[in-house]
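Q: give me the fold of what follows.
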Amino acid sequence: MLRIHQVFFLNILGLFIASLLIASLISFYTLKSMVIKDNEQRLLQTINLLIPQITTAHDYDALARSIAEKSDFRVTIIDENGTVIAETNANKRMMENHSGRIEIMASMTQPYGMVVRYSKTLKTDFIYVAQKITLPHKVLYFRLSTGLGGVMHHFYELWFRLLASFVIFIFIALIIAYKISKKTRHDIGQITQYLNAIAEKNYQAIHKPQYFQEFLYLSLLLKNLVKKLRNRDKQKRKYTARLRLINKQQNDILSAISHEFKNPIAAIMGYAETLHDDPKIDAKIRDKFLEKILSNTRKITLMLDRLTLSVKLENNDLSTKPTHFDLGEVCADIVCGLQSKYSNRRILFETFHKTVYADKTMIEMVITNLIDNALKYSEEEVKLKLTENTLNVTDKGIGIAPDDLEKITHKFYRVQKNRWDNSMGLGLSIVSYILRLHGTTLTIHSTLGVGSKFGFSLNTLIESTKKS
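A: Residues are numbered from 1 along each chain as shown. Coordinates of the predicted model:
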């Protein structure tokens, strides 16, 4: 396994090798491009200067040799049929027809033609520039070319300079890497000693790295670890106490459920035993007892439904089925139904038409629970108020203490611990879950001994109506 200074050096070495290769390629192609452009302009200028000599010449071979001797360019003269009539670097009789060469074809329609092509004869790249010259009785194509072998010479010279600089840098990097490695080994040694001290339960050991901030940060983490080890026993005791509290809460919940089911079941058993033991019981009394049995059975069914719904809502196993409906009409129907159930109580509500987009059954359950809860915990009238953006249920009941406000929506929690009304403390918990499913929340304002107001915002239900 490599050490830190070795990894550092290898990374630096790899970085500069890659940099050298990239710089070499960029330098080569940039230099080559500059040389090609410079030679193109130079060849074209030379051709323009030689046009007067070409138009008056009779011996093209002699003219080509003369130009080549003075300029060191390769000279080629081609007639309009593509036949080479003068060439300085090869036997013109052995050369193929040049009418298909790119530079010749380009010069037929443009001021001049230029191409860079590899010469198999001379084993190097050549730049060719050709220009069309129109004489009184014929057309000639005058072409000059020069080799690009000099580009590689300049490139190799530049590359060797870069290599020399690179070797010097590597030597400097080795010295720096060694010094960094020495400092790193010192700080690592400090950490090792500190860890050995912790392993021996010496939590008072001191660790002070001298060179690197990263090791200082690691030292702080280790000190935090020591603090956590010290507090581990305390945390264990806290976790144990918490588990005991959870077990107690679960036992309380089971006791609450058992107690809630015990009352209606005891009533059913009592009425059923009476009917069983006295077959000749009066018909009116029998009907009354049967009605009581049915009533308590409905209570048990309602409690089971509420408990099942609460579990489904908490586990996100229940999805909404939203539709458009008039919330005012729903409120009026609920008030009418509850008014018949609580015939001796007043429920105030003014009809107000408001179309929303939500799960109608769930919203009915929310409003029913809020009104039913208000009726149970108050002796006076209950008011249901529907506005443009809110729905509120207000009562003048016992109110809720500030300490109970945060807990009242928890499952199985009730303000009056000694009051058993077959609700199991699930009503407001279910209401809170349903409203969260619809993107809103239950709001509670209460004053102890004065009354309470429960409500929720309709904004998300109205916005859903607009979107749909």
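Q: just how off-centre is stretch 369-379 within its chain?
A: 46 Å (CA atoms, centre = their mean, to the nearest Å).
Q: average pLDDT across that stretch?
A: Taken as a whole, stretch 369-379 has an average pLDDT of 86.
Q: likewise for stretch 455-468?
A: Rounded mean pLDDT across stretch 455-468 is 80.
Q: report all helices and strands that whichever strand or helix holds residue 196 contacts.
A: Using DSSP states H and E, residue 196 maps to helix 149-199. When contacts are defined as 3 or more CB pairs under 8 Å, 6 or more residues apart in numbering; DSSP states H and E, helix 149-199 packs onto helix 4-56, helix 213-230. Bear in mind the C-beta positions are built from the backbone N, C-alpha and C, glycine included.
Q: tilt between it and helix 4-56?
A: On the basis of axes from the mean of the first three to the mean of the last three CA atoms, to 10 degrees, helix 149-199 is oriented at 170 degrees to helix 4-56.
Q: and helix 149-199, how far out from the chain middle?
A: That offset, for helix 149-199, works out to 38 Å (CA atoms, centre = their mean).
Q: check stretch 437-450 too.
A: 35 Å.
Q: next, the buried residues of it.
A: Residues of stretch 437-450 classed as buried by neighbour count (16 or more other CB atoms under 10 Å): 437, 438, 440, 442, 444, 446.
Q: quick one: pLDDT of the closest residue to the first one other than its chain neighbours?
A: To tie it back to what came earlier, the one meant is residue 437. Once flanking residues are discounted, residue 437 sits nearest to residue 320: 5.5 Å by CB to CB, 6 or more residues apart in numbering. For residue 320, the pLDDT comes out at 76.
Q: tell me the SS of the residue lying farthest from the centre of the chain?
A: What lies farthest from the middle of the chain is residue 58; by CA atoms, centre = their mean that is 80.1 Å. What DSSP: H, G, I helix; E, B strand; the rest coil gives for residue 58 is coil.
Q: mind checking how far it is from residue 85?
A: Residue 58 sits 12 Å away from residue 85, going by CB to CB, to the nearest Å.
Q: overlap in contacts, those two.
A: Common neighbours of residue 58 and residue 85, using CB atoms under 8 Å, 6 or more residues apart in numbering, do not exist here.
Q: mind listing the strands the biggest strand by length in the chain pairs with, and their directions?
A: Criterion DSSP state E: the longest strand present in the chain is strand 124-134. According to DSSP bridges, strand 124-134 forms sheet pairs with strand 113-119 (antiparallel), strand 139-147 (antiparallel).
Q: mind checking how far the first one is from the chain centre?
A: Read it as strand 113-119. 53 Å.
Q: cool, stretch 34-45 as well?
A: Per CA atoms, centre = their mean, the centroid offset for stretch 34-45 relative to its chain is 54 Å.
Q: next one: stretch 49-64
A: The answer for stretch 49-64 is 74 Å, by CA atoms, centre = their mean.
Q: quick one: average pLDDT of that stretch?
A: The model assigns stretch 49-64 a mean pLDDT of 88.
Q: what bridges to residue 451?
A: residue 447.
Q: follow-up on the earlier one: among the strands paired with strand 124-134, which is the most enclosed?
A: Of all the strands paired with strand 124-134, strand 139-147 has the most neighbours on average by mean count of other CB atoms under 10 Å, namely a mean of 22.
Q: and the closest residue to residue 267 other than its chain neighbours, which helix or strand is it part of?
A: In space, residue 267 comes closest to residue 296 once its chain neighbours are excluded; the distance is 4.8 Å by CB to CB, 6+ apart. Per DSSP H and E: residue 296 is located in helix 283-314.
Q: same check on residue 237?
A: helix 232-277.
Q: OK, contacts around the residue nearest to residue 267?
A: Residue 296 touches 264, 265, 267, 268, counting by CB under 8 Å, 6+ apart.
Q: who wins on neighbours among the residues you listed?
A: The most neighbours of any of the contacts of residue 296, using other CB atoms under 10 Å, belong to residue 264, which has 21 neighbours.
Q: pretty sure that residue contacts residue 300?
A: Yes - counting by CB atoms under 8 Å, residue 264 touches residue 300, with 5.2 Å between them.
Q: mutual contacts of these two, please.
A: With CB under 8 Å, 6+ apart as the test, residue 264 and residue 300 reach no residue in common.
Q: tell me which helix or strand residue 429 sits in.
A: Assigned by DSSP H and E, residue 429 falls in helix 427-437.
Q: which strand residues bridge residue 74?
A: Bridge pairing for residue 74 - DSSP bridges - gives residue 145.
Q: surely it meets residue 129?
A: No - assessed by CB under 8 Å, residue 74 is found out of contact with residue 129, at 10.8 Å.
Q: those two: which has the busier surroundings?
A: residue 129 (26 against 21).
Q: any idea how far the more buried one lies from residue 239?
A: With CB to CB as the criterion, residue 129 and residue 239 are 88 Å apart.
Q: residue 346 too?
A: Residue 346 is 52 Å from residue 239, by CB to CB.
Q: residue 295 now?
A: In terms of CB to CB, residue 295 sits 46 Å off from residue 239.
Q: neighbour count winner among those two?
A: residue 295 (13 against 10).
Q: so what pLDDT did the more buried one get?
A: pLDDT, read off for residue 295, is 76.
Q: tell me the contacts of residue 18?
A: Counting by CB under 8 Å, 6+ apart, residue 18 has no contacts.
Q: do you know how far it is from residue 180?
A: 21 Å.
Q: with residue 130 instead?
A: From residue 130 to residue 180 the distance is 61 Å (CB to CB).
Q: tell me the bridge partners for residue 457.
A: With DSSP bridges as the rule, residue 457 is bridged to residue 390.
Q: element containing residue 325?
A: Residue-wise, residue 325 maps onto strand 323-326 under DSSP H and E.
Q: show residues contacting the next helix or strand after that strand.
A: Sequence-wise, the next helix or strand downstream of strand 323-326 (DSSP H and E) is helix 327-341. Identification of contacts with helix 327-341 by CB under 8 Å, 6+ apart yields 345, 347, 349, 351-356, 360, 363-364, 367-368, 371-372, 375, 384, 386, 391, 458, 461.
Q: of the residues you listed, buried ones?
A: Using 16+ other CB under 10 Å, the buried members of the contacts of helix 327-341 are 347, 349, 352, 354, 356, 360, 363-364, 367-368, 371-372, 375, 384, 386, 391, 458, 461.
Q: in strands, which of those residues appear?
A: 347, 349, 356, 384, 386, 391.
Q: domain ranges for the chain?
A: 4-154, 233-314, 323-467 (automatic domain parsing).
Q: would you map the helices across the stretch 351-468 of the chain?
A: 360-376, 402-405, 427-437, 459-467 (DSSP state H, counting those that start in this stretch).
Q: with only the CA atoms kept, save the first one in PDB.
A: Listed in PDB are the C-alpha atoms of helix 360-376, where the atom choice follows Å, rounded to 0.1, in the frame of the first residue of the first chain:
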ATOM      1  CA  LYS A 360     -66.200  13.900   0.300                       C
ATOM      2  CA  THR A 361     -66.500  10.900   2.700                       C
ATOM      3  CA  MET A 362     -63.300  11.900   4.600                       C
ATOM      4  CA  ILE A 363     -64.300  15.600   4.800                       C
ATOM      5  CA  GLU A 364     -67.700  14.500   6.200                       C
ATOM      6  CA  MET A 365     -65.900  12.500   8.800                       C
ATOM      7  CA  VAL A 366     -63.800  15.500   9.700                       C
ATOM      8  CA  ILE A 367     -66.700  17.800  10.200                       C
ATOM      9  CA  THR A 368     -68.800  15.200  12.000                       C
ATOM     10  CA  ASN A 369     -65.900  14.500  14.400                       C
ATOM     11  CA  LEU A 370     -65.400  18.200  15.200                       C
ATOM     12  CA  ILE A 371     -69.100  18.900  15.900                       C
ATOM     13  CA  ASP A 372     -69.500  15.600  17.800                       C
ATOM     14  CA  ASN A 373     -66.400  16.400  19.900                       C
ATOM     15  CA  ALA A 374     -67.800  19.900  20.600                       C
ATOM     16  CA  LEU A 375     -71.100  18.500  21.700                       C
ATOM     17  CA  LYS A 376     -69.500  16.000  24.100                       C
END
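Q: sounds good, over and out.
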